[in-house]
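> Fold the following for me, if possible:
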Amino acid sequence: MRKTLTTKQKPPLQGIFTSIILIALFSLSSFSAKAIDPPYQQDMERLTRVLGSLYFLQPLCKFNQIDWRKEANELILLDKPNNDRKQRLIGAFNQGYIDYAQSYRSCTKSANFARQQLLLEAQTSSIQIHTKFAE
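Below is the predicted model:
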């Protein structure tokens, strides 16, 4: 005997199809709500990550006291990013700190060398961002 659908029953695929449509609509709406990043966003994220690394290494090796967190914060404020970009920049800073905190427990020759390389990268990166994108 054949089963027939009553008005209260839905075909099994209709529920799945409805779910897929709703998921697609929600993803499209969240996708269109995101702003487009400026062309220097990746460079800024890398720079703030480097500053986070320097923020960790400086007290470890007792280098000249520059407040790298303050420098990163001022850089972010000058850029005036939306909240999403701001959170990514802060996250990059924190990740730079975490990366070096996992690698170093004391000041070593390697830590000193890393600091020198990071300082050079920060300087080069900030000049390049300014040269390419400053108004």
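> Need the pLDDT of the nearest residue to residue 43 once chain neighbours are set aside.
Nearest non-adjacent residue to residue 43, counting by Cβ to Cβ, 6 or more residues apart in numbering: residue 129, 5.1 Å away. C-beta coordinates here come from the backbone N, C-alpha and C atoms, glycine included. Per-residue pLDDT puts residue 129 at 89.
> So what's the residue count around residue 129?
Counted with other Cβ atoms under 10 Å, the neighbours of residue 129 add up to 17.
> and residue 101, how many neighbours does it have?
Counted with other Cβ under 10 Å, residue 101 comes out at 14.
> List the contacts of it.
residue 56 (Cβ atoms under 8 Å, 6 or more residues apart in numbering).
> Please, which helix or strand holds it?
Per DSSP states H and E: residue 101 is located in helix 83-103.
> Same question for that helix: list its buried residues.
85, 88, 89, 90, 92, 93, 96, 97, 100 (16 or more other Cβ atoms under 10 Å).
> Reformat the residues you listed into a markdown table and put pLDDT and distance to residue 63 next to each item.
Listed next are these as a markdown table, based on pLDDT from 0 to 100; distance: Cβ to Cβ, whole Å:
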| residue | pLDDT | distance to residue 63 |
| --- | --- | --- |
| 85 | 95 | 30 |
| 88 | 96 | 27 |
| 89 | 96 | 23 |
| 90 | 96 | 23 |
| 92 | 97 | 21 |
| 93 | 96 | 18 |
| 96 | 97 | 16 |
| 97 | 96 | 15 |
| 100 | 95 | 13 |
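> Now distance to residue 56 too, for these, in JSON lines please.
Below are these laid out as JSON lines (distance: Cβ to Cβ, whole Å):
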{"residue": "85", "distance to residue 56": "23"}
{"residue": "88", "distance to residue 56": "19"}
{"residue": "89", "distance to residue 56": "17"}
{"residue": "90", "distance to residue 56": "15"}
{"residue": "92", "distance to residue 56": "14"}
{"residue": "93", "distance to residue 56": "10"}
{"residue": "96", "distance to residue 56": "7"}
{"residue": "97", "distance to residue 56": "5"}
{"residue": "100", "distance to residue 56": "4"}
